[in-house]
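just a sequence and a predicted model for now, questions to come.
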Amino acid sequence: MLAAVLSPLGATTAVATERPARCAEQRFPVEVNGERRIIAGELCVRGRLGARTPLQVLLHGGTYDRAYWDWPFQPRRYSYVDSATRAGYATLNLDRLGYGRSSRPDPERLDFAAGGDAVHQVVRQLRPRFRTIILNGHSMGGLVAERAAERGGVDAVIVSGIPRDRPGARDKAASPFHPAEQDPKFAGKPWARGYLTTRPGVRAQTFHHPGTYDPAIIPFEEALKDTVASAELRSVGPGATKRSAPKVPTAYVLGEHDTLVCGGGDCGADEIVRGSGHSINTSLAAQSFYRWTFTWLTRKLG
């Protein structure tokens, strides 16, 4: 079945909406803090992949991995990869350095500057193949996207789950994190020391808001959770380094009920996703966010 859609470049094209996306695992060598590492990801596209196909590089947040952007529960509703490839984009859904199938370096040295450097190296390897490259980062992945964009080579940036200004802190809430080596999912992993993860049973109240998510998604949140490097977690606390906005078109998007980074009021966003908590992609409002990003990108990139 073919459907006419507005392409990312502003032209109306025919996209095979019912044909499954073609996906292939990718591995990118990078050098960070003087050490050779590997970043793993999955490249997906529908139809022909060419230099004119705009590419979105997807960067998940802390304690998630690439599954955040390609959620296995009801993917037609919660998979950004599915929606973006239907809209004519190619997606490169990365496990950021320290997550998923990518290398797990020293967590005390894996801050956002190191993560941004690694993503920039991936972008440099991609640029000969693609004319248009967009960084789309959620939460900590958005902070990494900002730092990667500072180094150049990208055409637009989308940051969700992080306000334009410094993220706020939960003053009264207990920390949802504990050492990964104490968690049943990661205990015994040789790399776990120095990494953290969410304590069992806290993901619903940490990343969601009552009434904005399907309770059936929470077991997937628990089963698919990943870790976060200690240096990344410190980098969003008191004394965090000052951020600078990318010099390319950049959008900041927040969930209406994102109490993890915004205690209320206008925290500095270009778009507020109504009916969402912090983790927009796994909220009932996910499709609203997807549609907004495609419209914004079409407007900004021509």
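All right, it came through fine.

pull out the buried residues from stretch 140-156.
Of the residues in stretch 140-156, 140-150, 153-156 count as buried by neighbour count, 16 or more other CB atoms under 10 Å. Quick note: C-beta positions are derived from backbone N, CA and C, even for glycine.

nearest to Ala285, of those?
The nearest member of these to Ala285, counting by CB to CB, is Gly142 at 17.6 Å.

surely the closest one meets Val159?
Yes: contact between Gly142 and Val159 holds when scored by CB atoms under 8 Å: they sit 3.5 Å apart.

just the buried positions in stretch 65-81, please.
65-71, 73, 77-81.

which of the residues you listed lies closest to Val236?
Distances from Val236 to the buried residues of stretch 65-81, taken by CB to CB, are shortest for Tyr68, at 17.3 Å.

three-state assignment of that closest one?
helix (DSSP: H, G, I helix; E, B strand; the rest coil).

His120 is in what secondary structure piece?
Assigned by DSSP states H and E, His120 falls within helix 112-126.

now for that helix, which elements pack on it?
When contacts are defined as 3 or more CB pairs under 8 Å, 6 or more residues apart in numbering; DSSP states H and E, helix 112-126 packs onto strand 22-32, strand 35-45, strand 55-59, strand 90-94, strand 133-138, helix 140-150, helix 230-234.

wait, which of these is closest to Tyr213?
Smallest distance to Tyr213 across the helices and strands packed on helix 112-126 (CB to CB): 15.4 Å, for strand 133-138.

if we can go back for a sec, which pair in the buried residues of stretch 65-81 spans the largest distance?
Asp65 and Arg77 (19.7 Å).

can you list the residues that contact stretch 215-227?
When contacts are defined by CB atoms under 8 Å, 6 or more residues apart in numbering, stretch 215-227 is touched by residues 63-65, 67, 71-73, 78, 98-100, 180, 185-186, 192, 195-198, 200-201, 203-204, 207, 282.

which non-adjacent residue is nearest Ser244?
Excluding its sequence neighbours, the residue lying closest to Ser244 (CB to CB, 6 or more residues apart in numbering) is Glu150, at 6.5 Å.

how close does that neighbour sit to Asn136?
16 Å (CB to CB, to the nearest Å).

restricted to strands, list the contacts of stretch 215-227.
Among these, DSSP state E puts 195-198 in strands.

pLDDT and distance to Tyr290 added to those, as a markdown table?
Output for those, formatted as a markdown table (pLDDT from 0 to 100; distance: CB to CB, whole Å):
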| residue | pLDDT | distance to Tyr290 |
| --- | --- | --- |
| Tyr195 | 98 | 30 |
| Leu196 | 98 | 30 |
| Thr197 | 98 | 27 |
| Thr198 | 98 | 25 |
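
pull out the buried members of the residues you listed.
195-198.

export the residues you listed to a markdown table and append columns for distance to Asn93.
A markdown table is the format used below for those (distance: CB to CB, whole Å):
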| residue | distance to Asn93 |
| --- | --- |
| Tyr195 | 21 |
| Leu196 | 23 |
| Thr197 | 21 |
| Thr198 | 21 |
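
isn't Pro107 up against Leu233?
No: if you go by CB under 8 Å, Pro107 and Leu233 don't touch, sitting 9.0 Å apart.
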